[in-house]
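S.K.: My questions are about this predicted structure, shown below with the sequence.
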Amino acid sequence: MNGSKVFRRPVTTTERMYFPMRDLAPPFLMQLVVPGEGNIDPEALRTAVITAAAATPGARLRRHGAEWVDSEIPPVVRVVDHRLRYPALEADPVLTSPIGPTPDTTVEVLLLTGTQATLIFRVFHGVMDGIGMVAWATNVLRALRGEDPVPQPDPIADQELVAKLGAPGRPTPLIPRYRTAIGRGRGRRDLAPHLLRHRRVEAVVPGALARVCALLADETPGTSRIMMPVDLRRHDPTLRSTANLALPLFLDIEPGRDWTAIKDQIKAGLRERRELNQLANTRVALVPDPVNRGVLRTTNWLGARFGRNLASATVSHMGRFTAEELAVPGFRPTGLFVLPQHSVAMPLLFGLTEFDGHTELTVSARNGVGIEPRLEALLDRIVAILELPE
């Protein structure tokens, strides 16, 4: 951790955008869920979290003004006798609970001891991106196996890396005019503001992300704009940081475009490093927090009331995993999936992971009148597409 110095890094403009979300779309957490067979000893887990956090200071951060600073306090492990309440995960009292024990806490670990033992790594997006969360979780699992965690000592997030690499072009203009595959629906007080759903697809297919994008475009009037987060660590394979190191590649897709053409579109965007251009769009967060909140509320209202969104959806692929690589003594994972944070700026956030021959599909959706049945029907179609034999 930088020799004897305390680990610290600036709060980036990207991360500043996430602070109002904790009030507007609570609990505003990414949650990595690892169900499994067997049991994990709570004290062994607490010891592993302490060991992993010492190598992963990004899991111990607290905000001090314009900086994130290592508190040197490991994340709390909560043990809860609970079983996740499918399918309406947005109503699950554990998943929707605030992170604790204090309001400035940024990371915690849950051990559910219901009918199926389940680990849940909960992370405020302001301190980590999805890949950082996976690195943190796998370090905990390594420690549970008695292995050394992989150190993540670099205090580097997107701003510093992009300044080093340089942006090749201009940012994509953000204009609220894009429709979504589930239409629009006005919010109502008796409805949950967001839906959170999970499906297991009994197949793994090449180009799953591109196939999902193609189906979403087919279901959406006009051109869809899909936001695909890109891991900036690809530009520096030696980098070891759990910070926010993802920027979006925007994909404008017309209905009827084949998934292979979308895959080529993604490859071209990555080759041209277009995601580096998008950091400039985060400068909007430099306005005072009350103004930022007002902008986000207006963005949400335009999407819910008129179907006008900055993007049609976010689609992320978080990687491929196996039970063999994640297993710990006494506990063997049967899956791994990411529950996206809720957002008032984005109508749909999809997450994909691959695990031992099947695909995990999750989504957070802005709710409204008529949205839930349309979302369930959309998920049915996505599952059917991904399960089609090659």
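M.R.: Noted; the coordinates are in hand. Numbering: from 1, shown residues only.

S.K.: ok, Asn139 - how many residues close by?
M.R.: Taking other Cβ atoms under 10 Å as the criterion, the count of residues near Asn139 is 26. In this view, the C-beta of every residue, glycine as well, is placed from N, C-alpha and C.

S.K.: Next, the contact list for it, please.
M.R.: With contacts taken as Cβ atoms under 8 Å, 6 or more residues apart in numbering, Asn139 has the following neighbours: Ala52, Ala55, Thr56, Pro149, Val150, Gln152.

S.K.: Tell me which entries of those residues lie within helices.
M.R.: With helices identified by DSSP state H, the entries of these that belong to them are Ala52, Ala55.

S.K.: Leu239: which of the contacts of Asn139 is nearest?
M.R.: When the contacts of Asn139 are compared for distance to Leu239 (Cβ to Cβ), Gln152 wins out at 9.4 Å.

S.K.: Tally up the residues packed near the closest one, please.
M.R.: Other residues lying near Gln152 total 24 when counted by other Cβ under 10 Å.

S.K.: And it, how close does it get to Ala66?
M.R.: Using Cβ to Cβ, to the nearest Å, one gets 22 Å for the distance from Gln152 to Ala66.

S.K.: With Pro93 instead?
M.R.: 35 Å.

S.K.: quick one on the thing from earlier: now that we have the contacts of Asn139, which one has the most neighbours?
M.R.: Each of the contacts of Asn139 was scored for neighbours by other Cβ under 10 Å, and Thr56 scores highest at 32 neighbours.

S.K.: And the contacts of Asn139, which is closest to His342?
M.R.: Of all these, the one with the least separation from His342 (Cβ to Cβ) is Thr56, at 25.3 Å.

S.K.: Now Thr359: phi and psi?
M.R.: The main-chain torsion angles of Thr359 are listed as degrees, to the nearest 10 and equal phi -110, psi 130.

S.K.: cool, and the one 3 residues further on?
M.R.: Thr362 has phi and psi values of phi -130, psi 160 when expressed as degrees, to the nearest 10.

S.K.: Repeat that for the one 4 residues further on.
M.R.: In this entry, Arg366 is assigned phi and psi values of phi -70, psi 130 (degrees, to the nearest 10).

S.K.: What sits closest to it if chain neighbours are left out?
M.R.: Leaving aside its chain neighbours, Arg366 sits nearest to Pro347 (4.7 Å; criterion: Cβ to Cβ, 6 or more residues apart in numbering).

S.K.: For that neighbour, which residues are in contact?
M.R.: In this structure, Pro347 makes contact with Thr180, Ile182, Gly303, Asn309, Ser312, Ala313, Ala365, Arg366, judged by Cβ under 8 Å, 6+ apart.

S.K.: Just the ones of the residues you listed in strands?
M.R.: When the contacts of Pro347 are checked against strands using DSSP state E, the ones located there are Ala313, Ala365, Arg366.

S.K.: Give me the buried subset of those residues.
M.R.: Using 16 or more other Cβ atoms under 10 Å as the burial test, the ones in strands among the contacts of Pro347 include Ala313, Ala365, Arg366 as buried.

S.K.: show me what contacts the first one?
M.R.: What it means is Ala313. Counting by Cβ under 8 Å, 6+ apart, Ala313 touches Thr180, Ala181, Leu216, Ser224, Ile226, Met227, Met346, Pro347, Leu348, Leu349, Phe350.

S.K.: Of those residues - the most surrounded one?
M.R.: Highest neighbour count within those, by other Cβ under 10 Å: Pro347, with 31 neighbours.

S.K.: ok, that residue to Asn300 distance?
M.R.: According to Cβ to Cβ, Pro347 stands 9 Å off from Asn300.

S.K.: before we move on, what about Ala44?
M.R.: Distance of Ala44 to Asn300, given as Cβ to Cβ: 43 Å.

S.K.: Neighbour count for these two, which is higher?
M.R.: In this view Ala44 and Asn300 are compared by other Cβ under 10 Å, and Asn300 has more residues nearby, 21 against 14.

S.K.: Where do the helices of the stretch 51-200 of the chain begin and end?
M.R.: In the stretch 51-200 of the chain, the helices defined using DSSP state H, counting those that start in this stretch lie at 130-144, 158-165.

S.K.: Dump the first one to PDB, restricted to CA.
M.R.: Spelled out, it's helix 130-144. Extracted as PDB, the C-alpha positions of helix 130-144 are listed here (Å, rounded to 0.1, in the frame of the first residue of the first chain):
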ATOM      1  CA  GLY A 130     -17.700  -4.500 -11.500                       C
ATOM      2  CA  ILE A 131     -14.300  -5.900 -12.400                       C
ATOM      3  CA  GLY A 132     -12.900  -4.400  -9.200                       C
ATOM      4  CA  MET A 133     -15.700  -6.100  -7.200                       C
ATOM      5  CA  VAL A 134     -14.900  -9.500  -8.800                       C
ATOM      6  CA  ALA A 135     -11.200  -9.000  -7.900                       C
ATOM      7  CA  TRP A 136     -12.200  -8.200  -4.300                       C
ATOM      8  CA  ALA A 137     -14.500 -11.200  -4.000                       C
ATOM      9  CA  THR A 138     -12.000 -13.600  -5.500                       C
ATOM     10  CA  ASN A 139      -9.400 -12.400  -3.100                       C
ATOM     11  CA  VAL A 140     -11.700 -13.300  -0.200                       C
ATOM     12  CA  LEU A 141     -12.200 -16.700  -1.700                       C
ATOM     13  CA  ARG A 142      -8.500 -17.100  -2.000                       C
ATOM     14  CA  ALA A 143      -8.000 -16.300   1.600                       C
ATOM     15  CA  LEU A 144     -10.700 -18.800   2.600                       C
END
